[in-house]
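Novice: Okay, here's the prediction I keep looking at, along with the sequence it came from:
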Amino acid sequence: MGIMSKILGGGGTHSAEDYVELDLNDFESAHGGAGMQVHIAEIADQTDVIDIKDAVYDGDFVIADITRHSTSDRTVEHIIDELRQVADEVDGDIVQKGDDQLILTPTGVTVSRDKLNA
């Protein structure tokens, strides 16, 4: 018995010719190449927030480096508040990882607060 016969369940009414192999490129073409991307960003000043907001509004995931700012810096507090509003608007998520990274997700994506290997 061949592999397709096993997949099809042996004596079913379908043959291997009834099935079409799907190609990822066909999927991307059919969906306009749309898919979530992961962006790495560095926040040096307030203007860097614009590109991050645009990416999240477009449905992308962003990991932002905030090492240039002290976590007690009023600028970084303002930036985090602004990005928190974006996450709320798109029903995404925002998490600060340590003192140096922000993780922002688009609509419907959440970041677990539990470590996998804890």
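Specialist: Looks like it arrived, so ask away. Residues are numbered from 1 along each chain as shown.

Novice: I'd guessed residue 75 sits against residue 48; true?
Specialist: No: using Cβ atoms under 8 Å, residue 75 makes no contact with residue 48, being 11.1 Å away. C-betas here are computed from N, CA, C, even on glycine.

Novice: Looking at these two, which is more packed in?
Specialist: Shown here are residue 75 and residue 48; by other Cβ atoms under 10 Å, residue 48 has more neighbours (17 against 14).

Novice: Quick check: pLDDT value at the nearest residue to residue 59 once chain neighbours are set aside.
Specialist: In this structure, residue 59 finds its nearest non-sequential neighbour in residue 106, 4.4 Å apart by Cβ to Cβ, 6 or more residues apart in numbering. Looking at residue 106, its pLDDT is 96.

Novice: Would you mind measuring from residue 106 to residue 57?
Specialist: For residue 106, the distance to residue 57 equals 8 Å [Cβ to Cβ, to the nearest Å].

Novice: Name the residues contacting each of those two.
Specialist: Here residue 106 and residue 57 share the contacting residues residue 90, scored by Cβ atoms under 8 Å, 6 or more residues apart in numbering.

Novice: Neighbour count: these two, which is higher?
Specialist: Taking other Cβ under 10 Å, residue 106 and residue 57 do not tie; residue 106 has more neighbours (21 against 14).

Novice: residue ranges with poor pLDDT in the protein?
Specialist: Applying pLDDT under 70 to the chain flags the ranges 1-34, 69-73, 118.
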